[in-house]
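Asks: below are the sequence and a predicted model for it; my questions follow.
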Amino acid sequence: MKNALKQARSSVGLVGHLGRGMQRVATDAVLGSRVGLPRAVEALDAAVLTKVLGRPVSSVTVLGGDAGTSSRARLALTGEGVPESVFVKMPANNAATRLMGELGRLANTEVRFYNELSADLTGVPRSYGATFDPLTGRFVLVLEDLAADACEFPDTLHPLSPARAGQVVERLAKLHGAFWERLPAGRGPLDWLYTASGDSTSLLTGSLMNASVKRLADRTTIPLETGRFIIDNYRAAATLIDRPPHTVMHGDAHPGNVYFRNGAAGLLDWQAVRRGHPSRELAYTLVTSMTPEDRRAGQRELLDDYRRALVAAGGPDLDRDELWLRYREAALYAYVAALITAGMGGMQVEDIAMEGLRRAVAALEDLETVAALKASL
């Protein structure tokens with residue numbers, strides 16, 4: 001009875017969430033550029049940026065840009081007390097991608113992160129201004145231009161060395177330690193943070209995974225069915241790895257969301273911030289960032305490094321064996337994310353998405369994740 005009520009509440013929540021997302025996209029289409037925030041980078045003029053930055057901007061020049069789950073651009077600015085260049089994120093150009101963003105609450109989450117959480121952290125791009133329109137889902141996020149500094153930006157096709165993976169692990173420990181025991185059990189200033197399994201849209205995950213397997217079946221020799229138990233039992237397995245204790249997680253710390261500056265790692269794209277157990281984040285990051293060979297050789301030592309860094313950052317001394325078990329279980333997250341990203345398309349370049357999936361399936365096998373999940377469920 002309890003599970004049935006929980007399922008019903010989740011279904012109602014999903015319907016409501018889908019409805020809000022569709023309403024925002026439809027409202028945005030109807031209103032066009034007549035009201036609210038601009039719809040495109042080209043419409044970001046000096047007057048708009050003056051309001052967002054809270055400083056007088058005299059001129060704006062687009063230096064370049066690209067698109068993914070959002071529209072992104074580098075801008076040159078002139079004005080009193082404004083940076084010479086900035087990095088800007090805005091809604092995606094097409095309605096389908098915007099709707100996907102609404103499902104993940106990507107824009108609202110990232111704006112809230114920069115407005116409410118980022119001041120407590122290092123290794124995060126500086127925010128000059130962030131605003132979100134709940135009526136249309138439009139947003140403007142103005143960040144420091146890391147490309148103008150001596151930063152390095154890896155990606156999945158250029159896997160991290162064990163040393164650099166260690167720098168990322170240290171950055172994650174500082175994030176997790178900063179918010180350990182600061183998340184409310186009920187109402188509170190951070191009650192907007194939810195677990196991945198607690199999101200009503202998780203009802204769609206199993207269907208998306210099945211669809212992805214079908215789409216990829218004729219395109220790859222990667223043994224996708226290694227994760228069949230996860231596909232068929234996703235909600236139970238996801239709830240298992242999201243059991244407490246919780247802290248704030250980046251939520252999407254793959255290599256494309258990492259940068260290195262002055263010998264230290266930093267994290268980009270805070271649009272998937274969640275609450276959860278560190279093992280979920282550690283497994284996802286190490287599985288997607290390293291070659292399977294380097295990960296297998298160094299993951300236990302990297303987890304030990306994380307435990308020490310977490311204590312230094314104000315967190316607890318996690319039990320070594322328990323963290324290892326939870327890390328093995330949490331490798332399901334890398335598989336789920338990589339499978340859907342590769343299968344649905346449009347979120348990453350195909351060769352990057354497929355390499356991430358290859359690493360995720362390899363981790364399921366050598367960490368014996370399915371066996372660990374079956375033993376714990």
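Replies: Okay, I see it.

Asks: which parts of the stretch 101-250 of the chain are helices?
Replies: Remark: helices assigned in the stretch 101-250 of the chain by DSSP state H, counting those that start in this stretch are 106-112, 162-178, 205-216, 228-232, 234-241.

Asks: nearest to His250, out of these?
Replies: Among the helices of the stretch 101-250 of the chain, the nearest to His250 by C-beta to C-beta is helix 162-178 (6.4 Å). C-beta here means a position set from N, CA and C on the backbone, and glycine is covered the same way.

Asks: now do that closest one: everything it contacts.
Replies: Residues from elsewhere that reach helix 162-178 (C-beta atoms under 8 Å, 6 or more residues apart in numbering): 120-123, 154, 160, 247-250, 253, 258, 260, 263-267, 278, 281-282, 285-286, 289-290, 294, 297-298, 302, 305-306, 309-315.

Asks: give me the mean pLDDT for stretch 42-53.
Replies: Stretch 42-53 shows a mean pLDDT of 93.

Asks: just say which of the helices of the stretch 101-250 of the chain is most tucked in.
Replies: Mean neighbour count (mean count of other C-beta atoms under 10 Å) peaks for helix 106-112 among those, with a mean of 22.

Asks: and that helix, what does it pack onto?
Replies: Where contact means 3 or more C-beta pairs under 8 Å, 6 or more residues apart in numbering; DSSP states H and E, helix 106-112 is packed against strand 127-132, strand 139-144.

Asks: which residues touch it?
Replies: Applying C-beta under 8 Å, 6+ apart, the contact partners of helix 106-112 are 69-70, 89, 91, 101, 130-132, 134, 137-139, 141, 192, 269-273.

Asks: just the buried members of those?
Replies: Burial by neighbour count, judged by 16 or more other C-beta atoms under 10 Å, picks out 69-70, 89, 91, 101, 130, 132, 137-139, 141, 269-273 from these.

Asks: quick one: the strands in the protein?
Replies: Ranges of strands in the chain, per DSSP state E, are 57-67, 70-79, 85-91, 127-132, 139-144, 151-152, 247-249, 258-261, 264-267, 274-276.

Asks: need the helix or strand of the protein with the lowest average pLDDT.
Replies: Here the helix or strand of the chain ranked lowest by mean pLDDT, DSSP states H and E is helix 2-31, holding a mean of 55.

Asks: can you pull the pLDDT of Arg182?
Replies: We have a pLDDT of 89 for Arg182.

Asks: please tell me how far it sits from Leu302.
Replies: Taking C-beta to C-beta, to the nearest Å as the measure, Arg182 falls 25 Å from Leu302.

Asks: re earlier: ok, which of the helices and strands packed on helix 106-112 comes nearest Gly188?
Replies: strand 127-132 (20.7 Å).

Asks: mind giving me the packing neighbours of the closest one?
Replies: Strand 127-132 sits against helix 46-53, helix 106-112, strand 139-144, with contacts defined as 3+ C-beta pairs under 8 Å, 6+ apart.

Asks: name the nearest of the buried ones among the contacts of helix 106-112 relative to Leu364.
Replies: Looking at the buried ones among the contacts of helix 106-112 and their distance to Leu364, the nearest is Ala272, at 21.4 Å (C-beta to C-beta).

Asks: phi, psi of that closest one?
Replies: Note on Ala272: backbone dihedrals following degrees, to the nearest 10 are phi -120, psi 30.

Asks: burial count for the residue nearest to it when sequence neighbours are not counted?
Replies: Once flanking residues are discounted, Ala272 sits nearest to Gly251: 3.5 Å by C-beta to C-beta, 6 or more residues apart in numbering. Neighbour count for Gly251, taken as other C-beta atoms under 10 Å: 24.

Asks: ok, now which ones touch the residue most central in space within the chain?
Replies: Closest to where the C-alpha atoms of the chain average out (C-alpha atoms, centre = their mean) is Asp252, at 2.9 Å. Residues in contact with Asp252 (C-beta under 8 Å, 6+ apart) are Asp269, Gln271, Ala272, Tyr284, Ala337.
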